[in-house]
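**Student:** give me coordinates for this.
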Amino acid sequence: MSCILHIETSTDVCSVAVSQDGACIYSNEDFGGPNHAVKLGSFVDEALSFADSHAIPFDAVAVSCGPGSYTGLRIGVSMAKGVCYGRDLKLLAVPTLELLAVPVLLGEKVEEGALLCPMIDARRMEVYAAIYDRSLKVVREVGADVVTADTYREYLDRGPVYFFGNGAAKCMPEINHPNARLIPDVKPLAKWMSPLAEKRMAEERFEDVAYFVPFYLKDFVAKKSAKL
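**Tutor:** Sure, this is the predicted structure:
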């Protein structure tokens, strides 16, 4: 039995959830843009108050750990660490691309033998992507892909590949393969984190609260202000 606070800030969406024994019992989401610095604190306070008012003790905090938005990940992980320190809780890291696959596996009729390719937009024709089978076994590790017709051809030639996430739609004209399947409007949300977090909890795959950092995949490059 466990109660976990879930934090997801890897894209423009900010979301927080609470799960108890694998079931989501509280969720709050903001789709209005990258407002994590404004929204996340109040979302977390409300989630903690909800659990406290129902006398449900937390066991861990799970945070979506990337890849994704550098700023979003930094804000989410900082908040998760703060709650862990303040309440003496364990820290769980949930890979964002695996998280994207959860609603697809739960809600879509994925063909037998098909592969899953979650994508997070990394500007222009680049995406952060990985390829999994239907049991979320890694077929190809996470990478920063500049998408062309050949990027995923070896997998598409074998059979259906489902593409989803906020980087998928822009890539479909380039991929242009009869086995490519697009699933629109799939977002990484905190309410979908519990299956992955519970598995890590059971396996005691906890992170070091002091030294854990998000999986940025690429180094942050600051842009020069247009005003300078």
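**Student:** all strands for the chain, in order.
**Tutor:** 3-8, 14-20, 23-30, 60-64, 90-94, 115-121, 126-132, 138-146, 161-164, 180-183 (DSSP state E).
**Student:** nearest to residue 72, out of these?
**Tutor:** strand 14-20 (7.9 Å; C-beta to C-beta). To be clear about C-beta, it is placed using only N, CA and C from the backbone, and glycine gets the same treatment.
**Student:** if we can go back for a sec, tell me the most buried of the strands of the chain?
**Tutor:** Counting by mean count of other C-beta atoms under 10 Å, strand 60-64 has the highest mean neighbour count of the strands of the chain, with a mean of 28.
**Student:** could you spell out the sheet neighbours of it, each with its direction?
**Tutor:** strand 3-8 (parallel), strand 90-94 (parallel) (DSSP bridges).
**Student:** same list, those strands, but as TSV with mean pLDDT and distance to residue 55 please.
**Tutor:** Output for those, formatted as TSV (pLDDT from 0 to 100; distance: least, C-beta to C-beta, whole Å):
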stretch	mean pLDDT	distance to residue 55
strand 3-8	98	11
strand 90-94	98	20
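**Student:** what number of residues lie near residue 208?
**Tutor:** Neighbours of residue 208 under the rule other C-beta atoms under 10 Å: 7.
**Student:** and residue 37, by the same measure?
**Tutor:** 13.
**Student:** how far away is it from residue 20?
**Tutor:** Computed with C-beta to C-beta, to the nearest Å, the distance linking residue 37 and residue 20 is 28 Å.
**Student:** what of residue 102?
**Tutor:** 18 Å.
**Student:** same check on residue 165?
**Tutor:** In terms of C-beta to C-beta, residue 165 sits 28 Å off from residue 20.
**Student:** quick one, what contacts residue 82?
**Tutor:** Going by C-beta atoms under 8 Å, 6 or more residues apart in numbering, residue 82 touches no other residue.
**Student:** now do it, the pLDDT please.
**Tutor:** pLDDT for residue 82: 98.
**Student:** find the centremost residue of the chain, please.
**Tutor:** In the chain, the centroid-proximal residue (C-alpha atoms, centre = their mean) is residue 96; its distance is 2.5 Å.
**Student:** thought it was touching residue 68?
**Tutor:** Yes - Residue 96 lies in contact with residue 68 (C-beta atoms under 8 Å); the separation is 5.2 Å.
**Student:** mind listing the shared neighbours of these two?
**Tutor:** Contacts common to residue 96 and residue 68, judged by C-beta under 8 Å, 6+ apart, are 10, 120, 188.
**Student:** got phi/psi on the last one?
**Tutor:** Per-residue torsions, residue 188: phi -80, psi 110 (degrees, to the nearest 10).
**Student:** hang on, isn't it packed against residue 100?
**Tutor:** Yes - taking contacts as C-beta under 8 Å, residue 188 lies within contact range of residue 100: 5.1 Å.
**Student:** any common contacting residues for those two?
**Tutor:** residue 165.
**Student:** please name the residues that touch the closest residue to residue 196 other than its chain neighbours.
**Tutor:** Of all residues beyond its chain neighbours, the one nearest residue 196 is residue 94 (4.8 Å), with distances taken as C-beta to C-beta, 6 or more residues apart in numbering. The contact partners of residue 94, by C-beta under 8 Å, 6+ apart, come to 6, 62-65, 193, 196-197, 200.
**Student:** closest one of those to residue 52?
**Tutor:** Nearest member of the contacts of residue 94 to residue 52, counting by C-beta to C-beta, is residue 6, at 16.4 Å.
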